[in-house]
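> Here's my sequence, what's the structure:
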Amino acid sequence: MRRWAAIVLASLMLTVPVAPAASAQIGQPDIIQEHWYHSYATLTLDVNAWADDYPEIVYLSVVGQTEMGRNLWMLQISDWSQETKSDGTAKEVVYIDGGHHGNEHLGTELAFLVAEYYIEGWGNGDQEVLDVLATTELHILIMLNADGNDFDTRWNVNQVDLNRNYDHYWNTCPTTQPGSSAFSESETHANSIYMNEVVPHADLYITMHTGVWIMLYPWGKWPEQPSDWELFHFIRDDVHANISDIPIQNANQGLYPNCGTSRDYGYGVMGYPTFTFETDDEQFLLGTVEALSDRLE
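Model (predicted):
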């Protein structure tokens, strides 16, 4: 059951807001045309407005702070009038985060757009959205590296690459700035606590990034396929039915050796099916002043 839930959810999460042309073809409103990249300040306004306007489906909490004291905002989105599915079984749990790297603005915005799609879809009575939220909990941390976002830099304020700071073969690959120890940074420490204490049995974990057009599954450290390779290949084929041109590969082979990542921690320690979703090649841009529609078209 978990296998098929992951397959369906992966396809759903990764196809809804990505391509404006696709949404236009199926008659859905284009939710990115008036969308601009977020600063921490504008994100704070938006997520708090959602919590105020949609209390039936949006729970907003602070799950930690950045090294400079900015809040890490966590959205929990579901139809909270139903604690379980209609058959009494537990809802599926999908965990999404964005913004490990502060200069990867588009990855951050895709996490935002997933939240926006389901919140506004619920408000508009979209039946597909209603069905998903009746059976699924979405946990979305849109901007993990708010300090780096403000400085438009990959690293956090301590010059640490947060996506090399997780406790899974930490600092065992050629890398830069993994930190003084695993989870040395408040951002990754908070993310790991949430994984372990709130979503320890997530059915799917997607971490949004920007750099190349690719989806990556474990492992980053080794070129060998993970033991659940059949699951990842099933998900790959399902996603390809909707996004045919995106490469989907083992992270070591598809990118380069990378250790201490949230993806490999999510799979290797937590046991989640996990993917890194890299979209576009935008980095080191003044993304906070650029229209998102210009990047996705």
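> so where do the helices sit in the stretch 1-150 of the chain?
Using DSSP state H, counting those that start in this stretch, the helices found in the stretch 1-150 of the chain span residues 2-15, 20-25, 40-53, 105-123, 127-135, 146-151.
> Return the distance of residue 117 relative to residue 100.
Distance, residue 117 to residue 100, using CB to CB, to the nearest Å: 21 Å. Heads up, the C-betas are built off the backbone N, CA and C, glycines and all.
> quick one: which of these two has more around it?
The neighbour comparison of residue 117 against residue 100 (other CB atoms under 10 Å) goes to residue 100, with 30 against 20.
> for the protein, what spans make up the strands?
Using DSSP state E, the strands of the chain run over residues 58-65, 71-77, 92-98, 136-141, 204-209, 214-217, 248-250, 274-278.
> Let me know which of these is the nearest to residue 179.
strand 58-65 (15.8 Å; CB to CB).
> Can you report how many residues lie near residue 210?
Neighbour tally, residue 210, other CB under 10 Å: 26.
> now the stretch 1-150 of the chain, which segments are flagged as low pLDDT?
Scanning the stretch 1-150 of the chain for pLDDT under 70 picks out 1-35.
> one more time with 50, if that's ok
For the stretch 1-150 of the chain, applying pLDDT under 50 flags the ranges 1, 15, 19-32.
> need the helices of the stretch 1-150 of the chain in JSON lines with distance to residue 250, can you?
As requested, the helices of the stretch 1-150 of the chain are arranged in JSON lines below (distance: least, CB to CB, whole Å):
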{"stretch": "helix 2-15", "distance to residue 250": "16"}
{"stretch": "helix 20-25", "distance to residue 250": "27"}
{"stretch": "helix 40-53", "distance to residue 250": "32"}
{"stretch": "helix 105-123", "distance to residue 250": "20"}
{"stretch": "helix 127-135", "distance to residue 250": "29"}
{"stretch": "helix 146-151", "distance to residue 250": "27"}
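> now for those, which one comes closest to residue 201?
Distance to residue 201, taken as CB to CB, is lowest for helix 2-15 among the helices of the stretch 1-150 of the chain, at 9.1 Å.
> Could I get the pLDDT score of residue 211?
Residue 211 is assigned 84 on the pLDDT scale.
> To what extent is the closest residue in space to residue 184 that isn't next to it in sequence buried, counted in neighbours?
Using CB to CB, 6 or more residues apart in numbering and skipping residues adjacent in sequence, the residue nearest residue 184 is residue 165, 6.4 Å away. Other residues near residue 165 number 30, with proximity taken as other CB under 10 Å.
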